[in-house]
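Enquirer: structure for this input, please:
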Amino acid sequence: MRQRADRYGDVRMPKSEAGQRSVPLPPLAVIALKTWKRICPDSEASLAFPNEAGKIDYRANLVQLGLAGATGRRRHDQNREGR
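Expert: Sure thing, here's the model as predicted:
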């Protein structure tokens, strides 16, 4: 993870050192992302999942599309609830 986008569409560095990390992906996921990148809409920021206008999408839309976790809640919120 080298960048994050906030709710206002600002792209910045992660807020903490812990946010800057490598995320291991299985080979099938890498192939799927490379395939998607060739056909996804263009965006100035080279986003993996831009909205139709090529901009950063709202989190709620990503949740609805199934791209932000099954519950749509952040892991931090789930941990606070003891899940």
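Enquirer: only C-alpha atoms for contact and neighbour calcs from this point on.
Expert: Will do.
Enquirer: next secondary structure element downstream of the longest helix seen in the chain?
Expert: Scanning the chain for the longest helix, with DSSP state H as the assignment, gives helix 27-39. For helix 27-39, the succeeding helix or strand toward the C-terminus, using DSSP states H and E, is helix 59-64.
Enquirer: which regions of the chain sit below the pLDDT cut-off?
Expert: 1, 68-83 (pLDDT under 70).
Enquirer: repeat that with 50
Expert: 70-72, 78, 83 (pLDDT under 50).
Enquirer: for stretch 55-63, buried residues please.
Expert: If you call a residue buried by 16 or more other C-alpha atoms under 10 Å, then stretch 55-63 has these buried ones: Lys55, Ile56, Asp57, Arg59, Leu62.
Enquirer: and which of those is nearest Ala18?
Expert: Arg59 (21.2 Å; C-alpha to C-alpha).
Enquirer: quick one: Pro14 and Asp6 touch, right?
Expert: No - taking C-alpha atoms under 8 Å as the definition, Pro14 is not a contact partner of Asp6, at 9.9 Å.
Enquirer: look up how far Ile31 lies from the closest residue in space to Asp57 that isn't next to it in sequence.
Expert: Excluding the flanking residues, the one nearest Asp57 by C-alpha to C-alpha, 6 or more residues apart in numbering is Asn51, at 5.1 Å. Asn51 is 21 Å from Ile31, where distance means C-alpha to C-alpha, to the nearest Å.
Enquirer: those two - which one has more neighbours?
Expert: A direct count of neighbours by other C-alpha atoms under 10 Å for Asn51 and Ile31 places Asn51 higher, at 17 against 12.
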